[in-house]
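Undergrad: Give me a 3D structure for the following:
(one chain, ligands or ions: 1)
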Amino acid sequence: MGVTKTATPAGRRAELSANLAALTERIAAACAAAGRAPGEVTLVAITKTFPASDVRLLYELGVRDVGENRDQEAAPKAAECAGLGPDLTWHFVGQLQTNKCASVVRYASVVHSVDRLRLVHALAGHARKASRVITCLVQVSLDTDPGRGGAAPAQVPEVAAAVAAEEGLLLGGVMAVAPLGIPASEAFAPLPEIAAMVREIRPEAVMISAGMSGDLEEGIAAGATHVRVGTALLGGRPAFVG
Ligand SMILES: *Cc1c(COP(=O)(O)O)cnc(C)c1O
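TA: Predicted coordinates for the structure are as follows:
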């Protein structure tokens, strides 16, 4: 979390403000190119490795959706930001172990990385215990490497149906991360069809989370309703954090 230590609060605010303006332009341009309205795409600011003070600055700049990928970091950060406002929505976007579900359901309203039945049942049980309703996106794997998380496309309907059947969970749609090594436009190509399969289970499950700093244009072209952007908004992270 050392990246911002040298910046003054006012300097950091100006930096985030400029980055946010540029990013908003970029999203608008991508929407225009795809024949979509900019209001169709929600920016989820991925604040991993950055301090709660940055979440506060982003909130003051109008950002209402923030995302994290590790519970150990997200839980205390969300607690620190609890006073910001009830309209601040936390998204959990990283691979999730069942033993973290009890913690994640306390602060996250949306989990983007639901990819297996065991996780569905664990999330649902803890959501009910906490009297919370968690919106779940089924993460689909767009490559053949199972280590990176995500359900194979053929398994997506089964996972989605399991989410839809659980009290305490709301089926929101799908999420994908473009695999390295192939162009993102190619990687995201199957996504609209997979998203349509999920809408057959629940017509209101219209969320498509796709696109990051390097490929948000491709995500928006593939129908993304949510882009998850870290680096382009907050700056570089130490490489080992992912
Ligand atoms: C870190 C992360 C992002 C943001 O990546 P950037 O390239 O920094 O924009 C998006 N999605 C997930 C799942 C992440 O872990």
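Undergrad: where does the chain have low pLDDT?
TA: The model of the chain has pLDDT under 70 over residues 1-7, 146, 240-242.
Undergrad: In the beta-sheet assignment, what are the partners of L43?
TA: Judged by DSSP bridges, the bridge partners of L43 are V227.
Undergrad: contacting residues around it?
TA: Going by C-beta atoms under 8 Å, 6 or more residues apart in numbering, L43 touches L23, T24, I27, V63, D65, H226, V227, V229, L233. In short, each C-beta sits where N, CA and C put it, glycine included.
Undergrad: my guess is the third one meets R36, correct?
TA: Think I27. No - under the criterion of C-beta atoms under 8 Å, I27 is not in contact with R36, lying 10.1 Å apart.
Undergrad: Spit out the residues that contact the two alike.
TA: Common contacts of I27 and R36 (C-beta under 8 Å, 6+ apart): I220.
Undergrad: More neighbours: which of those two?
TA: Comparing I27 with R36 by neighbour count (other C-beta atoms under 10 Å), the higher total belongs to I27, at 23 against 17.
Undergrad: So the more buried one, which state does it fall into?
TA: helix (DSSP: H, G, I helix; E, B strand; the rest coil).
Undergrad: Quick check: closest non-adjacent residue to I27.
TA: V41 (5.5 Å; C-beta to C-beta, 6 or more residues apart in numbering).
Undergrad: separation between that neighbour and A160?
TA: For V41, the distance to A160 equals 22 Å [C-beta to C-beta, to the nearest Å].
Undergrad: What does H112 show for phi and psi?
TA: The phi/psi pair for H112 (degrees, to the nearest 10) reads phi -90, psi -10.
Undergrad: To what extent is it buried, counted in neighbours?
TA: 29.
Undergrad: Show the contacting residues for it.
TA: Neighbour list for H112: G67, H91, F92, V93, L137, Q139, M175, S209, R228 [criterion: C-beta under 8 Å, 6+ apart].
Undergrad: what would these look like in TSV with distance to the ligand and neighbour count?
TA: Formatted as TSV, these follow (distance: C-beta to the nearest ligand atom, whole Å; neighbours: other C-beta atoms under 10 Å):
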residue	distance to the ligand	neighbour count
G67	7	25
H91	9	26
F92	9	28
V93	4	27
L137	11	28
Q139	9	27
M175	8	29
S209	8	27
R228	4	25
